[in-house]
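1. missing the sequence, but the structure's below:
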Ligand code: UMA
């Protein structure tokens, strides 16, 4: 009998995480209600929940939704002060996130990856290294495949990408190996302060003990300070050559190396398309080795890994103008890294700032010939760049593509690196990137027609 048999659970939010949590709770024998702020028409097809015996109430939250509830499971993006969470706390009902539910159901060891940027690539690379080492491992969590679904499948290990939203409210999440890839301000509208965001990230290792491992970034002082206090063994990665005084995993030129008892062990070359993922590769390799995967398997895993979409890929080339989609650059740190890799480019940026200060982007103006501003952040982008490069406004991503194409050199680069969340204009960064790519490809017709 499951610990959830006959218990009444309420899930807040009918997005990806909420649906997964509801289906898992129902499969574990709980009586489940999903309550969703949006109207039914906006939520999409939820018939699968009905088939699984889950009740769904759309169009807003009401105190009566919580009647009889023993557990409230909250979707990661629901603000901490949202009304249903306040009601639950007032009534003394336990509020869990998906990490808590997943941790209570996990039957196999799991590794966890967090950080401000590069989480998804590191998670994918780490899972690929484990699989190359003969371990049936799956990447899950914030990456888009919910942890609460993955725990019910048959695997030997899980590699969980965890966000600050998820980490902020767990109690029992206990990874064997945890990774903090890097740390810079993000999601300040959700957490309130950078300190609260940082503390949420630090919660990744809260339950780790002596025989667990935390992997930290030696070259990121903010992240390293957080990593240093992990209550378990440490492994460090960095850009330098691994030595007794340097990182345990690092680089000599493009060659990734790990410090071994008989000198350095080669883990392959991180060059070509992978050159933008050096930090992620070093972090993933360090975590895989810490989990017991052999250097040969790490090398094979890194070679087999295919980076996911919206992380700087070339999506169209029109009249000598290359369109690069880095829609996943949803904060200043990620956008600045993407802009640093281009010259004389037109930047498309903007969206919801999430409380970030965009002014550090001023340092990137030397790599740009123009900026096209979209979404809520447009006034802030004028303030950041207005006295340095021309800034144009666009009401939609399609208009932005047209304006950027017009402003670009021939040959030239148009870079989508928004530095902001997509949520003011799109359902997700993926939708924003897809529409950017579609609009860029559509320019071909116009160019051939002489437009
Ligand atoms: N909602 C309510 N009441 C509220 C607030 C929201 O009902 O008061 C509803 C919304 O109307 C919506 C649902 O809750 O229907 C949205 O839930 P959500 O924002 O938690 O999104 P999900 O679709 O469940 O996706 C979440 C993660 N999203 C966020 O953390 C914002 C996904 O990460 C993740 O892949 C998925 O769970 C599976 O675990 C995305 C993300 O952008 C990729 N993450 C952020 C990031 O990476 O920076 C943290």
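-> Sure, I can see it. Fair warning: this is a prediction, and the values are worked out from it, not measured in the lab.

2. Write out the residues of the stretch 201-350 of the chain neighbouring the ligand.
-> Within the stretch 201-350 of the chain, the positions lying close to the ligand (C-beta under 6 Å from any ligand atom) are residue 330. The way it works is simple: take the backbone N, C-alpha and C, and place the C-beta from them, glycine included.

3. For the residue of the stretch 201-350 of the chain found nearest the ligand, what are phi and psi?
-> Sorted by distance to the ligand under C-beta to the nearest ligand atom, the residues of the stretch 201-350 of the chain start with residue 330, at 5.7 Å. Dihedral angles phi and psi of residue 330 (degrees, to the nearest 10) take the values phi -90, psi 10.

4. Might you report the residue contacts of it?
-> With contacts defined as C-beta atoms under 8 Å, 6 or more residues apart in numbering, residue 330 is in contact with 186, 351, 354, 418, 419, 420, 421, 422, 429.

5. repeat for residue 77
-> Each residue near residue 77 by C-beta under 8 Å, 6+ apart is listed here: 13, 15, 165, 190.

6. Residue 363 now?
-> Residue 363 makes contact with residue 336, according to C-beta under 8 Å, 6+ apart.

7. For it, give me phi and psi.
-> Per-residue torsions, residue 363: phi -70, psi -10 (degrees, to the nearest 10).

8. does residue 140 sit in a helix, a strand or a coil?
-> Three states are possible here, and by DSSP: H, G, I helix; E, B strand; the rest coil the one that applies to residue 140 is strand.

9. That one contacts residue 157, correct?
-> No: taking contact to mean C-beta atoms under 8 Å, the distance of 10.7 Å between residue 140 and residue 157 leaves them out of contact.

10. Who has more neighbours out of those two?
-> For residue 140 against residue 157, the residue with the higher neighbour count under other C-beta atoms under 10 Å is residue 140, and the figures read 26 against 20.

11. Excluding chain neighbours, what is closest to the more buried one?
-> With C-beta to C-beta, 6 or more residues apart in numbering as the measure, residue 150 is the residue that lies nearest to residue 140, at 3.7 Å, once sequence neighbours are left out.

12. can you list the residues that contact stretch 104-111?
-> 3, 24, 28, 126, 130, 148, 151-152, 155-160, 172, 175-179, 287, 291.

13. any idea how far it is from the chain center?
-> The gap between the average C-alpha position of stretch 104-111 and the chain average comes to 20 Å, counting by C-alpha atoms, centre = their mean, to the nearest Å.

14. List the buried residues for it?
-> Neighbour-count burial for stretch 104-111, counted by 16 or more other C-beta atoms under 10 Å, picks out 104, 105, 106, 109, 110, 111.

15. Fine by me, thanks again.
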